[in-house]
Structure formats: C-alpha cells, structure tokens
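1. quick one, structure for this:
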Amino acid sequence: MSILIWITLSKYSLLHLTTKYTMYRKGLAALPNVEVLSPLVTRVLGQNPGPKTLQGTNTYLVGKYPNVVLIDTGEPDKKSYTDLLRDTVRSSNLTVKGIIITHWHPDHLGGCGTVRTLLDEMWTSGNKTMCSNHGGDCAILGDSKVPEQCNVPVFKMPHAFDSEIAPGQNMHHLHDKQLVEVSEGCTLRVLHTPGHTDDSICLHLLQENSLFSADTVLGGSSGEFSNYTHYIKSLNRLRELAPVRVYPGHGQVEDGGVVDRYLSHRQDREGQVLAALRGEESHVGVGKLTEIVYQNENLHPGLVVAAQGIVGLMLEKLRADGTAREVEDGFWVAT
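-> Coordinates of the predicted model:
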C-alpha cells in the first residue's frame, strides 16, 4: 500500500494522511459505476474506493443532451476511470463543454490532465462529438470557435496548490454567485463555500433546486474541514437554499435535509469535545481528547489522524468562544 500525504493544514493534523485501500468502509451502500440520477445528471464513479473516498470520487456529467459539463475529474492517471468516462460519453453521444473542479484535493483535481488528454485523443481519432466547443455556444466558454483539436476548458476557484496537483493545466477562475449556462434548461450557480478547503465550491442546479456539494457534504458519512468556523458558515449558507436533493463528492445521493443533519452533528461533536475537556482534571492533549470523543465509534485506523484534526480545529473555535484555552503546545483546559 502506498501512503499519500496531501498537505498539513493545521498544527494538529494532516488533513489528508491516508492509506489507499482497495476496500471502502463497511456498511456503505454499493453504487453502480454509472448511474443516471435525473434528466440532467449522470454520476460516473471515480474507481478509487477507500476509507476517506468512500465508494470513490463522484464525478458528474451535467446538462441537457447533448451538451454537458464534467464536475471533477477523480485521481491522477486512473485508467479505469478514464475508460469508464470515455465509454459513458461515447455511448450517450454527449458533448463535453467544460470541466468544473470543486476544490484542489487530488481526488477531485488530480485527474484533470488525464481527462483532457483523453478528450484530445478522442477528438483526433475522429469522435468529434466529444469536445468543448465544436460549433456550439455556451456562456461558460465565452466563444464558439471550432478548434483544430479538442481543448476542453477547466474552471475552478483559484488556489495556490492548483499548479502542484495539476501542473500545466490552464484554468479559468470562477467567482462566487457566477452563473454557468451549461445548456438550454440547465444553469449552475457557483457558491464559494470555504471550510473543507479555502477554495471549495458547491454548485446549485437551479432547474432542480439540487446541490452539488463536493466534500462540504458527503453521502452516508461525515466530512472534514480545514477551517471549522468557515465550514459552519458555509453549511448555514447551504441550508438557506433548502435544496431538495444533494449530489455529494463522495457517497450516495442525499435529500436536502442532510445539511441540517450535518449542522446538528457538528454541534453535537463540538459539545462532546467541550464535555471531554471539562471532564479532565488537568490539561489534556488532542490525541487523548480524540480517543475520548470517538471511543464508541470504532474509528477506522486510516481516519484517526483526520479525527485528531477535527478535534484540534474545534478546540480553536472553543478558544475563540472563550470556553477553552491552550496551556502549552497541543494541551488544553476548559475555562
């Protein structure tokens, strides 16, 4: 097994220190490799199951036939995924107008170069239905020129790590509240929802009042964050939309009530952290607090470091609230 260390985002945790397993967590619903979820949405599974990716990264072909965008691209050099994507687009005779990336993590952005290479190869081999702007018109593209070879544009909220995760990929920058006209009868609104990462976005599919939540909200599992305060603000923003359906970055499709459930879960967890802190007679470290808070949850070994990061970030919020303080590096007491 290979160990992939993604980036240290807090002094308490490596947000993504993970072993890539060939299995995923027990108890998760099995998902088909390709599934039509609505007249406007088809999910293509990223073929990368694991304890943090669940059944794999959910990528989505979104739009009204034949024009679609691809939301997220999975991991780097994942041939099983690109083969699946190629077959799905080819069999449905779709036109991929652009790629939208929800955030910089490698299981969402990492496959960008591979996917664009696939589209170029399909273009030059004669399957010219699969290209970004061959004579069509889409507001996201800005023009309708016929290219000599396929060069699907990539759109993303900017982040410093983009060039490291996907080198050589020229990206167009998105902004909050931007409208993306994918096709007639399919409009996405960009929502900047920091918390999971600084550059995280969700996409509001206006015609369905549905939400592509990326890793801000997962299906059948709780998510992670790099800034807890921003994360809670983003969840509250999503709740105000009152979506009827949520298409997550990992896991099964959820009803709109999942956002409320997420907020309740985080509030409960924050209360558990404070209660554990108050239950200790002296200062206590993040590792010990994590053991106390998660003691009844049979935490997967590959998720322990991430859980410690969650506890550490919640402690930072409790400090800001005046209910906890750090007495020495990594050791805390209730106030």
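2. after the one helix or strand Ile100 maps to, next one along is what?
-> Secondary structure assignment for Ile100, by DSSP states H and E: strand 95-101. Remark: after strand 95-101, the chain's next helix or strand is helix 106-109, criterion DSSP H and E.
3. which residues touch the following helix or strand past that next one?
-> Sequence order places helix 112-124 as the next helix or strand after helix 106-109, per DSSP H and E. Helix 112-124 is contacted from outside by 70, 73-74, 76-78, 82, 85-86, 90, 96, 99, 101, 130-132, 149-152, 154, 166-169, using Cβ atoms under 8 Å, 6 or more residues apart in numbering. Just so you know, the C-beta spots here come from the backbone N, C-alpha and C atoms, and that holds for glycine as well.
4. before we move on, what about stretch 238-245?
-> 38, 191, 193, 202, 204, 208-211, 213, 216-217, 253-256, 259-260, 263.
5. stretch 71-81 too?
-> 44-48, 56-60, 62, 99-102, 106-115, 203, 212, 214, 249.
6. so where do the helices sit in this structure?
-> Remark: helices assigned in the chain by DSSP state H are 79-92, 106-109, 112-124, 162-165, 228-241, 258-278, 286-293, 304-321.
7. the first one vs strand 95-101, what angle?
-> Comparing the axes of helix 79-92 and strand 95-101 via axes from the mean of the first three to the mean of the last three Cα atoms, to 10 degrees yields an angle of 140 degrees.
8. can you point out the buried residues in helix 79-92?
-> Using 16 or more other Cβ atoms under 10 Å as the test for burial, helix 79-92 gives Tyr81, Thr82, Leu84, Leu85, Arg86, Thr88, Val89.
9. kindly state the domain boundaries assigned to this protein.
-> Following automatic domain parsing, one finds the domains of the chain at 3-256, 268-334.
10. would you mind finding the most buried of those?
-> Compared across these, domain 3-256 shows the largest average neighbour count, a mean of 19 (mean count of other Cβ atoms under 10 Å).
11. mean confidence score for it?
-> For domain 3-256, mean pLDDT is 83.
12. next one: it to chain centre, how far?
-> Centroid separation for domain 3-256 versus its chain: 7 Å, with Cα atoms, centre = their mean, to the nearest Å.
13. all further residue positions should be reported with the first residue as 7.
-> Sounds good: first residue 7 from here, last item domain 9-262.
14. from Asp266, how far off is Pro159?
-> For Pro159, the distance to Asp266 equals 36 Å [Cβ to Cβ, to the nearest Å].
15. actually, Pro164.
-> Pro164 is 31 Å from Asp266, by Cβ to Cβ.
16. likewise for Arg325?
-> In terms of Cβ to Cβ, Arg325 sits 27 Å off from Asp266.
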